[in-house]
Every structure is written in C-alpha cells, then in structure tokens.
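[1] coordinates only, sequence not included:
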C-alpha cells in the first residue's frame, strides 16, 4: 500500500501516462481517418475511383461516425475505456491495411463506413479518461491540450503519409496509416489506465452524490432536446464542419488539380492548417476567458469571419503566390481550431443544464458529422460535374464547389449570431 505522499507521486505519474496516451492515441486515430484524403488524386488518376465515388465513400465514414459518436459516448461511461479505445483503433488500423488490397468501390464504401464506427470509439474514451483522472481545476486546460490531438494526426497524415504515397504508391498510404494505428493501439492499451481507484489511488474526492437522481438527468436531457438555441448552434456547427472537411478532404486534391502543386507540396501547405489549429485550440479558452470575460459569442463571430476569409483566400489566390496559400492555411487553421472548441462543444455546454452536457454534445456531434458527410457527397459531385478534357488532359472547374464551401462558412457564423442573447442553464 502507498502512503498518501506515495499515492500522490504514483497518481501524477499515471495521469500523465493517461493524458499522453489519450493524446497520441487519438492523434493516430486521425491518421487512420484522413489517409484517404491524401490518396484521392492517385486513385482517380489510376481510374480506380471517380470523384463522386470518393465523395460517397467519405460520407459513409461521416454518417456512421455521427451515429457512433452518440452511441459510443454513452457506452464509454460503462465499459473498460482502455480496452474500448484500443479496440477501436486496432479495428480502424486493420481496415486501413485491408483497403490497400482492394480496388472495389463497394468494398471501399463498406469498409470505410465501418471505419467511421470504430473511429467514434476514440473521442468518448479519451474524454472519459480525462474526466476521471484530472480534477475540476485542471480538467479544462488538459481537455484543451488533448484537443490538439486531431491536429497532430492531421500533420502526420499530410506530411508522412503524403511522402509514403509519393515514394511507394497509394496502397502504402493505407498500409502506412494501418501501421501507425497498430502502434497507437499498443500505446493506448499499455498506458490508458481505467481510473485512479482501479490503481489503488483514493486521494481524489468522489463525486457520486452529484449523479444520484437519474430522473432529473433524464428531464434535463429532454430540456436540451427542446432548447431551440442548441439546435441553431448544431446547425451552425454543421455548416462549420462543411468548411472544415472541405479543406481536409479536398484541399490537397484542389491544390494538385487547380493550382498544379505536387502531392507533397499540396500536403505540406494543408499541413500548415493542422499546426496552426493547435494554436487556435489551445488558446480558445484563454481567448474567451481573458479577453471576453468568458463570453464565447464575440470570438465565435470574429473567428467565423476569419474562417471565411481564410477559405476564400485559399480558393482564389494565384498559383504563383505560394505564400498566399500558406497564409490562408494559417488563418483557416487558427480559426477552425477556435471554432471546433466553441461551436463544436463549449457553447453547447454553456447552454445546457450541468447534468445534460453529454446530451448537448451528442446533438452537436451528430449534426456536425452529418454536415461533414453531406459535404463529401456534394463536393464530389460538384467537382466531377466541372471535369472536362482539354488537349488530352483532365481539367477541373472548381467554381461551383468554391461557392458551396464559402457559403457554408458564411452561414455558419451568421447562424451563431442568433444565439447571442441565449442564457446559460447552469
């Protein structure tokens, strides 16, 4: 048995293992989710898949992820999170490995749809782990730091996987992502500990008295579903996710086929948004707390406008001005990092009763990824509709899809202003 001082040291060591394994693990979840985005142009050029088919395949992941995030959010409170998160990442990695051996549109769609479900096991497990291992005073900060995991995953995908695809072929893009996923599953299984109490640590206060009244929890969850402001926020987040995944899913394809960049050059430019997204995510809480006295509405509007500016600059910058594309990704990355925290979570929690925060996040999560799924279908069709042959070469007209992406970003911050005077339910 540990002394109280020994427990504190043991607890500090274990909670850092939990934080780092959750952050690294969820970052590698993203590698297994985003690898397809780097491989799109080689698949089209090889005649394996069309742009419309790629849009359908991408949407299969988003739609299954939307439902899975809600369902697995409830399951994560009841299962062994170490095994649950490791299993999801391992299954996702095996799917990526399998995709390197097929060229069937049906197989791609089915497997990528299953990948979406397994992907949805990552975030709930990570959040439950952080909730269990970190006190109220430090939980917010570590939640913000953990949120950078998706930027880490994006950076690995857009740099490492792009390099692998360029040097070894599209199949190795999937196989490389699968290997990253297996490594991540081992890390999670080894270091994501279930709870302090399972490790014999009793120095943390138990909060069981806060969750005794299950009837009141149900009532407050129904209150969330009846709150029109949360549904407006969900639609705003959905439109923001269209702009987010427009760049993540099709940005590399756009730079290659509209501006003439190589896959490595295009991936490197897009990776700038991932790195800058870390800055936006980490600073989002500080921005609202220090400069706007805890108000999310004003920074949500400011960064919503910046998001639209970043996308517009990305789409209309001349190809010879590479620095403008990099600047666009800096603006886009920072603004999306802030908006993911605000529109994608914190503002909904602010509006929801304390015991129904999970329900609020579930509503936002479903709406956000349905938007992301619809984006992939519509973007794929709009891009293919602008495809033509000139002098034996494939040429794309991205004008219609550009309007779609910019309009979505604009409507997102406009809708967010409708909840300007909505009151907190705490």
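    Cool, the structure landed. As the structure is a prediction and not an experimental result, all values here were calculated from the model. Numbering: from 1, shown residues only.

[2] Tell me the spacing between residue 234 and residue 147.
    As for residue 234, its distance to residue 147 is 19 Å (criterion: C-beta to C-beta, to the nearest Å). For the C-beta atoms, the positions are set from N, CA and C on the backbone; glycine is no exception.

[3] hmm, I was thinking of residue 351
    Taking C-beta to C-beta, one finds residue 351 at 20 Å from residue 147.

[4] More neighbours: which of these two?
    Remark: of residue 351 and residue 147, residue 147 carries more neighbours, 26 against 23, as counted by other C-beta atoms under 10 Å.

[5] surely the more buried one meets residue 281?
    Yes: Residue 147 is in contact with residue 281 according to C-beta atoms under 8 Å; the separation is 4.7 Å.

[6] any common contacting residues for those two?
    Counting by C-beta atoms under 8 Å, 6 or more residues apart in numbering, the common neighbours of residue 147 and residue 281 are 340, 341.

[7] Show me what secondary structure element comes after the helix or strand containing residue 256.
    Using DSSP states H and E, residue 256 maps to helix 228-258. Note on helix 228-258: by DSSP H and E, the next helix or strand toward the C-terminus is helix 263-286.

[8] buried residues in that next one?
    263-285 (16 or more other C-beta atoms under 10 Å).

[9] next helix or strand past that helix?
    Remark: after helix 263-286, the chain's next helix or strand is helix 297-316, criterion DSSP H and E.

[10] quick one: buried residues of the helix or strand following that next one?
    Where DSSP H and E defines the elements, the next helix or strand beyond helix 297-316 is helix 322-341. Neighbour counts over helix 322-341 (16+ other C-beta under 10 Å) mark 325-341 as buried.

[11] Check the offset of the helix or strand that helix 322-341 is followed by from the chain's centre.
    Where DSSP H and E defines the elements, the next helix or strand beyond helix 322-341 is helix 347-351. Counting by C-alpha atoms, centre = their mean, to the nearest Å, helix 347-351 is centred 19 Å from the centre of its parent chain.

[12] try stretch 59-67
    Distance, centroid of stretch 59-67 to centroid of chain: 12 Å (C-alpha atoms, centre = their mean).

[13] neighbouring contacts of it?
    Contacts for stretch 59-67 (C-beta under 8 Å, 6+ apart): 33, 109-110, 112-117, 119-120, 245, 365-370, 372-377.

[14] Give the PyMOL command for selecting the buried subset of those residues.
    Remark: buried members of these, expressed as a PyMOL selection using 16+ other C-beta under 10 Å:
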select buried, resi 33+109+112+113+114+115+116+117+119+120+245+365+366+367+368+369+370+372+373+374+375+376+377
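
[15] Okay, buried residues for stretch 65-76 please.
    For stretch 65-76, a neighbour-count test (16+ other C-beta under 10 Å) marks 65, 66, 67, 68, 69, 70, 72, 73, 75, 76 as buried.

[16] Surely the third one is in a strand?
    No: with DSSP: H, G, I helix; E, B strand; the rest coil as the criterion, residue 67 is helix rather than part of a strand.

[17] And it, how far from residue 373?
    11 Å.

[18] And for residue 322?
    Distance from residue 322 to residue 373, by C-beta to C-beta: 32 Å.

[19] which stretches of the stretch 301-426 of the chain aren't confidently modelled?
    349, 353-359, 420-426 (pLDDT under 70).

[20] pLDDT on the longest helix along the chain, on average?
    In the chain, with assignment by DSSP state H, the single longest helix is helix 4-45. In this model, helix 4-45 carries a mean pLDDT of 90.

[21] List the contacts of residue 398.
    Contacts of residue 398 by C-beta under 8 Å, 6+ apart are 254, 258, 315, 383, 386.

[22] Checking residue 103 next. Helix, strand or coil?
    The local conformation at residue 103, judged by three-state DSSP, is coil.

[23] My guess is it contacts residue 48. True?
    Yes: using C-beta under 8 Å, residue 103 is in contact with residue 48, at 4.7 Å.

[24] Looking at the two, which is more packed in?
    Per other C-beta under 10 Å, whichever of residue 103 and residue 48 has more neighbours is residue 48, with 17 against 14.

[25] per-residue pLDDT, the more buried one?
    With respect to pLDDT, residue 48 scores 95.

[26] and it, what is it in contact with?
    Taking C-beta under 8 Å, 6+ apart, we find residue 48 in contact with residue 103.

[27] could you redo the last one with a cut-off of 10 Å?
    Contacts for residue 48 (C-beta atoms under 10 Å, 6 or more residues apart in numbering) come out as 39, 42, 54, 102, 103, 104, 105, 108, 170.

[28] And for residue 263?
    Residue 263 makes contact with 38-42, 162-163, 165-166, 173, 252-253, 255-256, according to C-beta under 10 Å, 6+ apart.

[29] 8 Å instead, please
    Counting by C-beta under 8 Å, 6+ apart, residue 263 touches 38, 41, 42, 162, 165, 166, 252, 256.

[30] how near is it to residue 135?
    According to C-beta to C-beta, residue 263 and residue 135 sit 45 Å apart.

[31] In the stretch 151-300 of the chain, where is pLDDT below threshold?
    Ranges of the stretch 151-300 of the chain meeting pLDDT under 70: 202-217, 285-286, 289, 293-294.

[32] so what are the domain limits for the chain?
    As assigned by automatic domain parsing, the chain contains the domains 1-201, 213-421.

[33] Phi and psi next, for the residue nearest the centre of the chain.
    Among the residues of the chain, the one closest to the centroid is residue 150, at 5.8 Å (C-alpha atoms, centre = their mean). Geometry field for residue 150 lists phi and psi as phi -70, psi -30, criterion degrees, to the nearest 10.

[34] And for residue 301, the neighbour number?
    16.

[35] That one and residue 413 touch, don't they?
    Yes: using C-beta under 8 Å, residue 301 is in contact with residue 413, at 5.7 Å.

[36] returning to what we had before: using TSV, please lay out the contacts of residue 48 together with distance to residue 218.
    What follows is the contacts of residue 48, written out as TSV (distance: C-beta to C-beta, whole Å):
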residue	distance to residue 218
39	45
42	50
54	42
102	45
103	48
104	45
105	43
108	40
170	49
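
[37] Quick check on these: which are buried?
    Buried subset of those (neighbour count, 16+ other C-beta under 10 Å): 39, 42, 54, 108, 170.

[38] For those, which two are the farthest from each other?
    In these, two members sit farther apart than any others by C-beta to C-beta. They are 42 and 108, at 13.7 Å.

[39] correct me, but residue 371 touches residue 238?
    Yes: if you go by C-beta under 8 Å, residue 371 and residue 238 touch, sitting 3.2 Å apart.
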